[in-house]
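Colleague: here is my input, please return the structure:
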Amino acid sequence: MRVARLLDANEVFVEPLTDAAARATGMLCGAAGTSDAVDASVVIVARRYKATVISSDRADLVRLDPALPVVDL
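Modeller: Numbers count the residues shown, from 1 in each chain. Now for the predicted structure:
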């Protein structure tokens, strides 16, 4: 599925990256010893909503949060 089509779906909400979320992302990257702010921001949002993440990047996400529920794409 193309990303643009997915983002246009009514069921999809794009979470804004607030200052607080950006800071939490940076702290998570530092704690995990990684610099992938995109993966870290996904983890922060998933935690907030108690959501399962669908991804082809399980290893990087689980490195940031071993308890994160991830479904392989």
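
Colleague: quick one: Ile44 from Thr18, how far?
Modeller: The gap separating Ile44 from Thr18 is 10 Å, by C-beta to C-beta, to the nearest Å. Heads up, the C-betas are built off the backbone N, CA and C, glycines and all.

Colleague: kindly report the same for Ala4.
Modeller: 24 Å.

Colleague: can you pull the contacts of the residue nearest the centre of the chain?
Modeller: Geometric centre of the chain, nearest residue: Val42, 1.0 Å, by C-alpha atoms, centre = their mean. Counting by C-beta atoms under 8 Å, 6 or more residues apart in numbering, Val42 touches Val53, Ser55, Leu61.

Colleague: now, which of these sits nearest Cys29?
Modeller: Of all those, Cys29 sits closest to Leu61, with 12.7 Å by C-beta to C-beta.

Colleague: which helices and strands does the helix or strand where that closest one lies pack with?
Modeller: Assigned by DSSP states H and E, Leu61 belongs to helix 58-64. On a contact count with 3 or more C-beta pairs under 8 Å, 6 or more residues apart in numbering; DSSP states H and E, helix 58-64 meets helix 19-32, helix 37-49, strand 70-72.

Colleague: residues near Cys20, how many?
Modeller: Heads up, residue 20 is Ala, not Cys. Neighbourhood size, Ala20 [other C-beta atoms under 10 Å]: 9.

Colleague: state the distance from it to Val45.
Modeller: For Ala20, the distance to Val45 - C-beta to C-beta - is 12 Å.

Colleague: just name the most buried of the helices and strands packed on helix 58-64.
Modeller: Compared across the helices and strands packed on helix 58-64, helix 37-49 shows the largest average neighbour count, a mean of 18 (mean count of other C-beta atoms under 10 Å).

Colleague: could you give the angle of that helix to helix 19-32?
Modeller: Between helix 37-49 and helix 19-32, the angle comes out at 110 degrees (axes from the mean of the first three to the mean of the last three C-alpha atoms, to 10 degrees).
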